[in-house]
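Participant: After the sequence you'll find the predicted model.
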Amino acid sequence: GRPDQVELDLVIHDGMVWIMEIKSSISKPEVYAFFRKVEFYREKEGKEVKRRIIVSPMIEPSAMEIIEDLGIEYFTYPEDMNQRASNS
């Protein structure tokens, strides 16, 4: 394919790289695209990505299967991230 821009939301927390995708809804092809972008970043920058995170209130059932298979964390709302962190 042709070169194009790759947009990623990065969080550096305690020296660890987290990559996030925040969308109003997410489909199976979009999950695969997110995974490919994360791998591109990892290869290009040579840095370990500690967490891959999708935040979306609407996740298609077929996308949910892929998210779980690829080991991607998911949250339906940003506030859920705080709740899970405090329950850990």
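Facilitator: Done, it's in. Numbering: from 1, shown residues only.

Participant: can you pull the contacts of E73?
Facilitator: By Cβ atoms under 8 Å, 6 or more residues apart in numbering, the residues touching E73 are 51-54. Any C-beta I mention is one placed from the backbone N, CA and C, and that applies to glycine too.

Participant: what's the closest of those to K44?
Facilitator: Closest approach between these and K44, by Cβ to Cβ: R52, at 15.7 Å.

Participant: these two touch, right, that closest one and E39?
Facilitator: No. Counting by Cβ atoms under 8 Å, R52 sits too far from E39 to count as a contact (9.7 Å).

Participant: Which one's more surrounded, those two?
Facilitator: R52 (22 against 12; other Cβ atoms under 10 Å).

Participant: In space, what's closest to that one - neighbours in sequence excluded?
Facilitator: I72 (4.6 Å; Cβ to Cβ, 6 or more residues apart in numbering).

Participant: picking that back up, for ChimeraX, write a command that selects the buried ones of the contacts of E73.
Facilitator: Entered in ChimeraX, the line below selects the buried ones among those, by 16 or more other Cβ atoms under 10 Å:
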select :52,53,54
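
Participant: what's the single longest helix in the protein?
Facilitator: In the chain, assigned by DSSP state H, the helix with the most residues is helix 28-45.

Participant: from the chain's centre, how far out does whatever helix or strand comes next after that one sit?
Facilitator: Next helix or strand after helix 28-45 toward the C-terminus (DSSP states H and E): strand 49-55. Taking Cα atoms, centre = their mean, to the nearest Å, one finds strand 49-55 lying 4 Å from the centre of the chain it belongs to.
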